[in-house]
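>>> The following block contains a protein sequence and its predicted model.
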Amino acid sequence: MQGGVKAELDISKLLAKRGAVIATALRSRPVDGKAAICRSVVEHVWPLVAEGRVRPVVHERLPLERVADAHRLVEESGHTGKVLLTT
């Protein structure tokens, strides 16, 4: 909920790609349930990342000296993907 509780959604794009909106939360789950999810991610997701089949979406890379610009960009919520600080 870092960007707030309301969002706008273009249903036509969702339908065109046969997409779905699914919500979940880890915070309310018991610790053993969270641990099981983490184990599953290590087993099923990280190998795909290692193979390059799953990659993060990077909106912009900024040098560490521009940290204030990076914060502004994230606070405006107009980006898609990660905002990375580089050294």
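Right, received. Where do you want to start? Numbering: from 1, shown residues only.
>>> for this protein, what spans make up the helices?
Here the chain has its helices, by DSSP state H, at 11-16, 31-44, 46-50, 67-76.
>>> who touches the least confident helix or strand in the chain by mean pLDDT?
Within the chain, no helix or strand scores below helix 11-16, which has a mean of 88 by mean pLDDT, DSSP states H and E. Applying Cβ atoms under 8 Å, 6 or more residues apart in numbering, the set of residues contacting helix 11-16 from outside is 19-21. C-betas here are computed from N, CA, C, even on glycine.
>>> picking that back up, for residue 5, find the nearest of the helices of the chain.
Closest to residue 5 of the helices of the chain is helix 67-76 (Cβ to Cβ; 16.3 Å).
>>> What are the buried residues along the closest one?
Using 16 or more other Cβ atoms under 10 Å as the test for burial, helix 67-76 gives 70, 73.
>>> Read off the pLDDT value for the residue in the chain sticking out farthest from the centre.
What lies farthest from the middle of the chain is residue 65; by Cα atoms, centre = their mean that is 23.9 Å. Looking at residue 65, its pLDDT stands at 97.
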